[in-house]
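**Q** how would this look folded up:
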Amino acid sequence: MNALLFNSTLVIYAVATVLYLSFLVKPKQILGRAGQVVLAIGFLVHCGFTLSRYLEAGHTPITNLHESLSFLSLAVVGIYLLCENRYRVFILGSFITPLALLILALSASFSSVILPLNPALKSKWLLVHTGMAFLGYAAFAISFCVSIMYLIQSHFLKKRRLGTLFQKLPPLDMLDELSYRCLTFGFPLLTFAIISGAIWAETAWGTYWSWDPKETWSLITWFIYAALLHGRLTTGWRGRKAAMLSIFGFFIVIFTFLGVNLLLGGLHSYK
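**A** A predicted model of the protein is given here:
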């Protein structure tokens, strides 16, 4: 059942991606609506897979790279659907759905075998800490895509080449505002994830902070987004520089999540 739900989600997300990319090429409302409906169906099936995995494993399915990447993809789609429902920016789906599909496809490359839970992970903090972290990462992923759209629009304006893609993308002010909203949603979640992780670490290992590679890079990620938000709030730092730092921050998120696990190891390493 798990494999069927997972593969079904993969196929449905692929169909949604095709529809959204078609909307990018030819922005007809029916394509945007169809993409939204198909993506919502895929999200529900994905939720079903996650629930099925939870029932089979007996714990929150975020304990290896297969599960974690799947959950990240789920979170990206879920937050995007909320953004789309509020802002009605179907064109954003042309950038978000390929990313969500890529993350989910990448999860398929890792083992899906359910193993006994590490004793250190048998805690009520598992869902709280990891759930908040991945929701924060998902919000940063959407900010990343919005920032790419911002740079594309900014490039067109700078070169004074107002072609068809320029006309399809939202205005710069709207993109800047949407990116900011995603950041203000994701940053508190990341902050709470780090704090809850420290409390959990003290319970599991007897120390709040051990400068484990994952802890160190999580802190670096926090400082990058803290600097970005501080700059926006105190000096009105907006536009191109803010978009570039948002993109850079998401690359650090990727390294914190994947790079540390695959390259640096440590107490938080899992595959």
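**Q** which residues sit in contact with V89?
**A** Taking C-beta atoms under 8 Å, 6 or more residues apart in numbering as the criterion, V89 is in contact with C83, P170, M174, L178. Yep, even glycine has a C-beta here, placed from its N, CA and C like the rest.
**Q** and what of Y87?
**A** M174, L178.
**Q** with the one 3 residues further on instead?
**A** For F90, the contacting residues are Y20, F23, P27, Q29, L31, G32, R33, G35, Q36, E84, by C-beta under 8 Å, 6+ apart.
**Q** domain parsing for this structure?
**A** Listed by automatic domain parsing, the domain ranges of the chain are 1-115, 122-271.
**Q** so which of the contacts of F90 sits lowest on pLDDT?
**A** Going through these one by one, the lowest pLDDT turns up at P27, 80.
**Q** where does it sit, in terms of helix or strand?
**A** Using DSSP states H and E, P27 sits within no helix or strand.
**Q** can I assume it is in contact with S94?
**A** No: counting by C-beta atoms under 8 Å, P27 stays clear of S94, with 9.3 Å between them.
**Q** check what pLDDT the closest residue to S8 other than its chain neighbours gets.
**A** Distance criterion C-beta to C-beta, 6 or more residues apart in numbering; nearest residue to S8, sequence neighbours excluded, is V45 at 5.3 Å. What the model reports for V45 is a pLDDT of 96.
**Q** lowest-confidence helix or strand of this structure?
**A** Of all helical and strand segments in the chain, the minimum by mean pLDDT, DSSP states H and E falls on helix 164-168, at a mean of 68.
**Q** so which residues make contact with stretch 171-188?
**A** Here stretch 171-188 has contacts from 79, 83, 87, 89, 92, 135-140, 142-143, 146-147, 149-150, 153-154, 157, 169-170, 225-226, 228-229, 232, 238-239, 242-243, 246, using C-beta under 8 Å, 6+ apart.
**Q** mind listing what's buried along it?
**A** 172, 174-176, 178-183, 185-187 (16 or more other C-beta atoms under 10 Å).
**Q** in which helix or strand would I find H59?
**A** Using DSSP H and E, H59 sits in no helix or strand.
**Q** you'd agree it is up against K124?
**A** No: counting by C-beta under 8 Å, H59 stays clear of K124, with 10.8 Å between them.
**Q** rewinding a little: where among the domains of the chain is the average confidence lowest?
**A** domain 122-271 - the lowest mean pLDDT of the domains of the chain, at a mean of 83.
**Q** element containing the most centrally placed residue in the chain, please.
**A** Residue closest to the mean C-alpha point of the chain, counted by C-alpha atoms, centre = their mean, is A138 at 2.2 Å. Secondary structure assignment for A138, by DSSP H and E: helix 125-159.
**Q** mind listing what's buried along that helix?
**A** Under 16+ other C-beta under 10 Å, the buried positions of helix 125-159 are 125-126, 128-154, 156.
**Q** just stretch 39-57 next, same as before
**A** Within stretch 39-57, the residues that qualify as buried are 39-43, 45-46, 48-50, 52-53, 57, counting by 16+ other C-beta under 10 Å.
**Q** what's the next secondary structure element after the helix or strand containing M174?
**A** According to DSSP H and E, M174 maps onto helix 172-205. Downstream of helix 172-205, the first helix or strand assigned by DSSP H and E is helix 213-235.
**Q** and the angle from that next one to helix 172-205?
**A** Here helix 213-235 runs at an angle of 140 degrees relative to helix 172-205 (axes from the mean of the first three to the mean of the last three C-alpha atoms, to 10 degrees).
**Q** next SSE after helix 213-235?
**A** Sequence order places helix 239-254 as the next helix or strand after helix 213-235, per DSSP H and E.
**Q** in that next one, which residues are buried?
**A** Within helix 239-254, judged by 16+ other C-beta under 10 Å, the buried ones are A242, A243, L245, S246, I247, G249, F250, I252, V253, I254.
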